[in-house]
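> everything below, folded, please.
(chains A and B)
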Amino acid sequence: MAFEGYLLPPSGQNWSRIADYKANGGYEGAEKALRSMKPADVVAEVKNSGLRGRGGAGFGSGMKWSFLPQDVQRPRYIACNADESEPGTYKDRQILERNPHELIEGLLIAAWANTIDAAYVYMRGEYRGPFENLNAAIAEARAAGYLGKNVLGSGLDFDVFVHRGAGAYICGEETGLMESLEGRKGQPRKRPPFPAIAGLWKRPTVINNVETMSHVPHVIRKGADWFKTIGTEKSTGSTIFGVSGQVVRPGAFELPFGTPLREIIFEHAGGLRPGRTLKAVIPGGVSMPVLTADTAMQVDMDHDSLQKVGSLLGTGAIVVFDDTSCMVRAAIIISRFFRHESCGQCTQCREGTGWLHKLMLQVEAGTARKSDLDVVDEITRQMEGKTICALSDAAAWGTGWFLRRFRPEFEAHIDRGGCPHAGTSFEV
Amino acid sequence: MPLSEELKARITAEFPKYPERRAVLLTALHFVQEECGGWVSPDVVPEIAELLGILPIDVEEVVSFYPMYHSDPVGRFHVQVCTNISCCIRGARGVVRRLEENLDVLSGEVTGDGLFSIGEVECLGSCGTAPVVMVNNERFVENVSADDVPALVERLRARAAAGGTNGSNGQAGGR
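Below you'll find the predicted structure:
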């Protein structure tokens, strides 16, 4: 039986209006939590569900919430990450455009669970449509009494504000986001202190991604035990896989964790164009190590399975390459991206991203030497685990694993003095 | 050129959402670009700073850090093409090239009449409908092929002739 999903409305439907959302069980989770559950019980339920963050790192959401100080000094905040900027990723947009009340309800339940005064949804500035849609939904929720003073008679005063970013990828990093929200350059902060202790305006702050928050109403309404029946033991629930690249039907598909990557590409996304064969797949946004076709055809899409084959789930954004594609060109685009988006604080990242991009350009042009490939490998190792945030690691993985898993193709560029796929591959 | 009273009022109306005025900076700069020709002129920086209780350098470093803010004039229609991985795979470079040919300027330049500028941007989060184009800060134009470019440019010219938007509001050229 096909999985029907619970995060997104059925295909062709849009539940942005509160009446449609409520007609499909909307706000029942919030009613249950605020009217009949203690905040600590809500945290416990989320913890027990195994819900993990859908923004890239996969950290346990209930665990994260439990880090907030127990002595409830006010104010306390939620920062909700809607900066969706990891190349290949467009899943949060599906929720923001088609089911925004689900996010608002998740924020409300999180506010009750963690005694929060206000939530700021930090949304990337380019998302004009989602921005307008979420704001309209917030206005409806206020009018219906789900936001504002004394929500549902619980004594909680809570409101949600949408804050627009301005195009910097680094603001999707949790502390870069907070700097940006406070009106500064989005340069990540050193930790500790962690956001749960000193986040927005140095106050205790819960930070979760849009999709993560949107699972919460379902966890509360149907219970942790129900949630754990979907997905795998350590990756519970469903998620939205966004497929792009060289497939017949690119799209966003809500499926249980553990769905085989082969099924996602060849059934849900319609497979490859006629006569083409699979070459490579990025399984979780360009920060995550690329997979060869052989590995991609055998792996399931959950945290543990991807880790076992030397990659990570990331945002679940799947980018598909067929045999016409040049892997060096892919590495050029990815290294160019990280060079552009490095915030410049840490030397390893600021300099390393530039070096990687320049070397990729030289490989493509056929002007690099074989020894330069070892330099690339060495640079990526110098960039890992040495900086304030993980952008440097992402740049090293995103670029370095193309070289490690497709080294003969990189060498062929050098041997031939140019690109062997120039006639067929996409341009950069 | 001083900020209009209306624009100042629009900015100060955001203050109650935050514990500190400074948090309104990004929003204020979006408003300024929407209402003052699509860029942040050096003239308005001191005034924004004063309004938010910060220094002009605090404003300038934010303008230069974020790709969506322009410290030089852009065209009335700033046409930006995503050239990240999913869009390039599906022909974004061809879209940029056709724009350059059609408008007779290079990416990063403004046309002589000030009507258009071309830009390349990192992933816009529309990878399933690639390639994607964003005009000013409007809703995206999705599934754009190089062959769609002439019609897109014509629609924008028609909007300009009809006295269309000078800023970031309004509907995209594709709709």
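
> could you list the domains of chain B?
Domains of chain B are assigned by automatic domain parsing as B:5-65, B:77-161.

> now these in a markdown table, with mean pLDDT, mean neighbour count and distance to residue A:54?
Every C-beta, even on glycine, is put in place using the N, C-alpha and C of the backbone. Below are those laid out as a markdown table (pLDDT from 0 to 100; neighbours: other Cβ atoms under 10 Å in any protein chain shown; distance: least, Cβ to Cβ, whole Å):
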| stretch | mean pLDDT | mean neighbour count | distance to residue A:54 |
| --- | --- | --- | --- |
| domain B:5-65 | 97 | 18 | 25 |
| domain B:77-161 | 97 | 21 | 15 |
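
> need these in TSV (columns: distance to residue A:89).
As requested, those are arranged in TSV below (distance: least, Cβ to Cβ, whole Å):
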stretch	distance to residue A:89
domain B:5-65	22
domain B:77-161	6
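
> contacts only, for the closest residue to residue B:64 other than its chain neighbours.
Excluding the flanking residues, the one nearest residue B:64 by Cβ to Cβ, 6 or more residues apart in numbering or on different chains is residue B:71, at 6.4 Å. Residues near residue B:71 by Cβ atoms under 8 Å, 6 or more residues apart in numbering or on different chains: B:39-40, B:42, B:63-64.

> ok, residue B:71 to chain A distance?
13 Å (Cβ to the nearest Cβ, to the nearest Å).

> all strands of chain A, in order?
Applying DSSP state E to chain A gives strands spanning A:77-82, A:118-123, A:159-164, A:205-209, A:238-245, A:251-256, A:259-260, A:278-282, A:291-292, A:300-301, A:317-322.

> same deal with chain B?
Using DSSP E, strands in chain B cover B:77-82, B:116-121, B:133-135.

> among those strands, which comes closest to chain A?
Chain A lies closest to strand B:133-135 among the strands of chain B, at 6.0 Å (Cβ to the nearest Cβ).

> what helices or strands is that closest one leaning on?
Secondary-structure packing of strand B:133-135 (3 or more Cβ pairs under 8 Å, 6 or more residues apart in numbering or on different chains; DSSP states H and E): strand B:77-82.

> and for the closest residue to residue A:21 other than its chain neighbours, the neighbour number?
Nearest non-adjacent residue to residue A:21, counting by Cβ to Cβ, 6+ apart: residue A:101, 4.1 Å away. If you count neighbours by other Cβ atoms under 10 Å in any protein chain shown, residue A:101 ends up with 29.

> and residue A:3, by the same measure?
Using other Cβ under 10 Å, residue A:3 has 12 neighbouring residues.

> ok, so what distance separates the residue nearest the centre of chain B from residue B:103?
Nearest to the mean C-alpha position of chain B, by Cα atoms, centre = their mean, lies residue B:136 at 3.5 Å. For residue B:136, the distance to residue B:103 equals 15 Å [Cβ to Cβ, to the nearest Å].

> residue contacts, residue 130?
Here I'm looking at chain A. A:82, A:93, A:96-97, A:100, A:123.

> chain B was what I was after
Residues near residue B:130 by Cβ under 8 Å, 6+ apart: A:244, A:250, B:82, B:86-87, B:89-90, B:92, B:142-143.

> and the residues you listed as JSON lines, adding distance to residue A:112?
Conversion of the contacts of residue B:130 to JSON lines gives the following (distance: Cβ to Cβ, whole Å):
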{"residue": "A:244", "distance to residue A:112": "37"}
{"residue": "A:250", "distance to residue A:112": "38"}
{"residue": "B:82", "distance to residue A:112": "39"}
{"residue": "B:86", "distance to residue A:112": "38"}
{"residue": "B:87", "distance to residue A:112": "41"}
{"residue": "B:89", "distance to residue A:112": "44"}
{"residue": "B:90", "distance to residue A:112": "44"}
{"residue": "B:92", "distance to residue A:112": "44"}
{"residue": "B:142", "distance to residue A:112": "38"}
{"residue": "B:143", "distance to residue A:112": "41"}
